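Engineer: the sequence and its predicted three-dimensional model are supplied below.
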Amino acid sequence: MSSYLSVRDLKVHFPTVDGIVKATDGLSFDLEKGRTLGIVGESGSGKSVSSSAILGLHRKTSAQVSGEILLDGTDLLKLSDEQMRRRRGKDVAMIFQDPLSAMHPYYTVGNQIGEAYRVHHNVSKKAARARAIEMLDRVGIPQPDRRVDDYPHQFSGGMRQRAMIAMGLINNPSLLIADEPTTALDVTVQAQILDLLQDLQKEFESAVIIITHDLGVIAEVADEVLVMYAGRAVEVGTCKEILTHPEMPYTWGLLSSVPDVSGDTNARLIPIPGNPPSLLTPPSGCAFHPRCPHRDKVEGDLCVTTLPELAPGTRTETHLKRCHLTNPDAVYEREVLPEIAPDLVEEER
Amino acid sequence: MLAYVIRRCFVGVIMLIVMSLVTFVLFFASPVDPARYACGKNCSPELREQTRKSLGYDKPVVVQWTNFLKGVVQGRDYPDDPELRAAAPELVTHCPAPCFGYSVVNTKTVNELMKEAFPVSLSISIAALVLWLFFGVLFGVIAAVRRGTLIDRGIVAVSLVLYAFPAFFIGLFLLKFIAIKWQWVEVPVYSPIAEAGVGAWMTSLLLPAVTLAVLYMAGYVRMTRAFVLESMSEDYVRTARAKGLKSGRVLFKHSMRAALTPLVTLVGLDFAGLMGGAIITETVFNYNGLGKLAFDANTTNDLPTIIGLVLLLGTFVIVANIIVDVLYAVIDPRVRVG
């Protein structure tokens, strides 16, 4: 029995004059209804490109998409453009990062939300408007019957994102992709939006993919986590596994660069050195090796020559990692944890 | 909004007054002596002074300028001589307010000259505008939608070639081949809409309008293409596609609306500029429009006509700007004030 959403060996390649940019290079994951998958990674790791591929948003002239995206048993990549268009916004919906630029400045909020409803339902403008008001009310916009005629610039940032969510959920999609839904928002508003997303997910029983570079968001909402680096998954597991026993040095790096306000002030913020790799000419072997501080613990130059498989680590069958380290737990506890959370180490002793 | 328009109009009037002063000063700062020009080749110094006096160029510039402004408000008589008016009223031309002056060269008031030339220029400009806007935007959008293909490259290449041709070449080419050699259309002679009717009016405008339209169209194709391409990469267009909208609706409702906004500005200013700027086209087809009038006035040092045209064409630019700004507020809700 396969999952509700099953992505197999997804590749999104962009041919350019300089060569092929492999934005996503062999991504596989599964997601059940009612569950939330968090995809984490730096800018340019292929998070957004992969999710756009699920929605079929890449133009065939500029991108080569291959692999399988099975949604409820149907391979979305095999659908015709018209078939995919009919599913877009209805079965699969997307919420974008910056709601100010993601909403059309010249049309009212109600017009844009109602439009999303009318594409997939043969209803009058009036009915679509009523449905838009209903959705605005559901996402917590006060006085929705009046605000429905406002333009996006008359909304605050948080309200705009609520309106985007209303637009995404108006057709009860079974899969919702939220691409950095809280990045452009105040911290206080972020929490509200995440709560709202979780409430709505329970209500609609949809599968949700949250794309973010913020591990705080992941800890808040995700059931499963997929860490991406240079277009590939480098660690996959449940939220708890990834956050408490990460086994891949890149995930350690991400954890080390998150400030912890409640924790020990002696804890250091350690940024990952270097820059994300070029997707045009990715490093040989493990793409993370030029920035990895632990590659001397691997014998020979395995990290430079061989791409590690995404394989179960030392703990469970579902916790996968793409790393040559044989004793990641020991390294993590001995070298990484004391740096980022000294108080935690103290307690254990 | 109304208060805004009134304020803009007020500023516009001040600008026009300043423009008239600048034109006066520039005219008299030039080394050419208008009196000598008017009085001809074999002109004695006495005769020259007499001509200067009769043209009114003997008074200080500021006095001439205030007289001009007075004429605009009250109207003027030419020549403004009470004795002559009493003795022989038929020799005095009265120019009612707003009077922009009397052209000695043309022996007509400037108002009359402009009234004759204005419909010609307006007709050509409107006809050209309709043509270049329709085809420019059409081909621009086609090129943008089919970007990277042979169609796109063909449209861009052709528009670049057309852009490179000077107006007189296109004008003469159309006149010589289409009208004279192959006789597909008659040699155009301007026929006013009131006398000849709509059909003849439009036929008479075809060649000059096409000449101008070809030049402007080339630029508009490229600009439309660029604006549409730019708007197609906007986040809100991606949102529209993510909603599952059909590609036609994405293009026309979401992409084009944003792309055409900057075009409105260009159209307004290009149209105003064309009203007095189609000199070459008007000359090639021998249409007595404002551009030709301005050119002739400059070659004959006809100050009153020059002043009148400067103010008239300046008014077009100012009004066009106000209209464009108001249109902007209509198109873009973010610009709307109070």
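Structural biologist: That came in fine, so what should we check first?

Engineer: quick check: chain neighbours aside, which residue is closest to residue B:74?
Structural biologist: Take residue B:74 and drop its neighbours on the chain: the residue closest to it by CB to CB, 6 or more residues apart in numbering or on different chains is residue B:97, 5.4 Å away. (Each C-beta comes from the backbone N, C-alpha and C, glycine too.)

Engineer: what's the burial count for the one you found?
Structural biologist: Residue B:97: 12 surrounding residues under other CB atoms under 10 Å in any protein chain shown.

Engineer: which residues touch it?
Structural biologist: B:71, B:72, B:73, B:74, B:75 (CB atoms under 8 Å, 6 or more residues apart in numbering or on different chains).

Engineer: change it to 7 Å
Structural biologist: Contact analysis of residue B:97 by CB atoms under 7 Å, 6 or more residues apart in numbering or on different chains lists B:72, B:73, B:74, B:75.

Engineer: can you give me the distance of it to chain A?
Structural biologist: For residue B:97, the distance to chain A (CB to the nearest CB, to the nearest Å) stands at 45 Å.

Engineer: what does the pLDDT read for that residue?
Structural biologist: Residue B:97 is assigned a predicted lDDT (pLDDT) of 77.

Engineer: what do you get for residue A:297?
Structural biologist: 84.

Engineer: surely it meets residue A:323?
Structural biologist: No. With contact defined as CB atoms under 7 Å, residue A:297 does not reach residue A:323; the gap is 10.4 Å.

Engineer: between these two, which is the more surrounded one?
Structural biologist: Comparing residue A:297 with residue A:323 by neighbour count (other CB under 10 Å), the higher total belongs to residue A:323, at 25 against 17.

Engineer: still on that earlier bit, which member of the contacts of residue B:97 is positioned nearest chain A?
Structural biologist: Nearest to chain A among the contacts of residue B:97: residue B:72, at 42.0 Å, using CB to the nearest CB.

Engineer: contacting residues around the closest one?
Structural biologist: Here residue B:72 is in contact with B:97, B:98, B:99, B:100 (CB under 7 Å, 6+ apart).

Engineer: quick one on the thing from earlier: who touches both of residue A:297 and residue A:323?
Structural biologist: Common neighbours of residue A:297 and residue A:323, using CB under 7 Å, 6+ apart, do not exist here.

Engineer: ok, residues contacting the helix or strand where residue A:196 lies?
Structural biologist: For residue A:196, the host element (DSSP states H and E) is helix A:187-204. For helix A:187-204, contacts defined as CB under 7 Å, 6+ apart pick out A:36, A:139-140, A:157-158, A:161-162, A:165, A:169, A:172, A:178, A:181-182, A:185, A:208, A:217, A:220-221.

Engineer: closest to residue B:254 among the contacts of residue B:72?
Structural biologist: residue B:98 (47.2 Å; CB to CB).

Engineer: please report phi then psi for the closest one.
Structural biologist: Torsion angles at residue B:98 (phi, psi; degrees, to the nearest 10) stand at phi -80, psi 120.

Engineer: tell me which element the closest residue in space to it that isn't next to it in sequence is part of?
Structural biologist: Sequence neighbours aside, residue B:72 is the residue nearest to residue B:98 in space, at 4.7 Å (criterion: CB to CB, 6+ apart). Residue B:72 belongs to helix B:61-74 when assigned by DSSP H and E.

Engineer: now the helix or strand just after that helix - C-alpha only, CSV.
Structural biologist: As assigned by DSSP H and E, the chain's next helix or strand after helix B:61-74 is strand B:75-78. Only the C-alpha atoms of strand B:75-78 are listed here, as CSV (Å, rounded to 0.1, in the frame of the first residue of the first chain):
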residue,chain,number,x,y,z
GLY,B,75,-7.8,90.2,-27.1
ARG,B,76,-5.8,92.6,-29.3
ASP,B,77,-6.0,94.7,-32.4
TYR,B,78,-3.4,94.5,-35.1
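
Engineer: pick out the residue of chain A closest to chain B.
Structural biologist: residue A:89 (3.5 Å).

Engineer: for chain A, what's its nearest residue on chain B.
Structural biologist: residue B:244 (3.5 Å).

Engineer: need the contact list for that residue.
Structural biologist: Here residue B:244 is in contact with A:85, A:86, A:88, A:89, A:90, A:119, A:120 (CB under 7 Å, 6+ apart).

Engineer: near chain B, which residues of chain A?
Structural biologist: A:55, A:57, A:61, A:85-86, A:88-90, A:94, A:96, A:98, A:101-106, A:115-116, A:119-120, A:151, A:153 (CB under 7 Å from any CB of the partner chain).

Engineer: could you give the separation of stretch B:163-171 from the chain centroid?
Structural biologist: Relative to the centre of its chain, stretch B:163-171 is centred 18 Å away, using CA atoms, centre = their mean, to the nearest Å.

Engineer: now do stretch A:152-171
Structural biologist: Worked out by CA atoms, centre = their mean, stretch A:152-171 lies 19 Å from the chain centre.

Engineer: stretch B:30-41 too?
Structural biologist: 29 Å.
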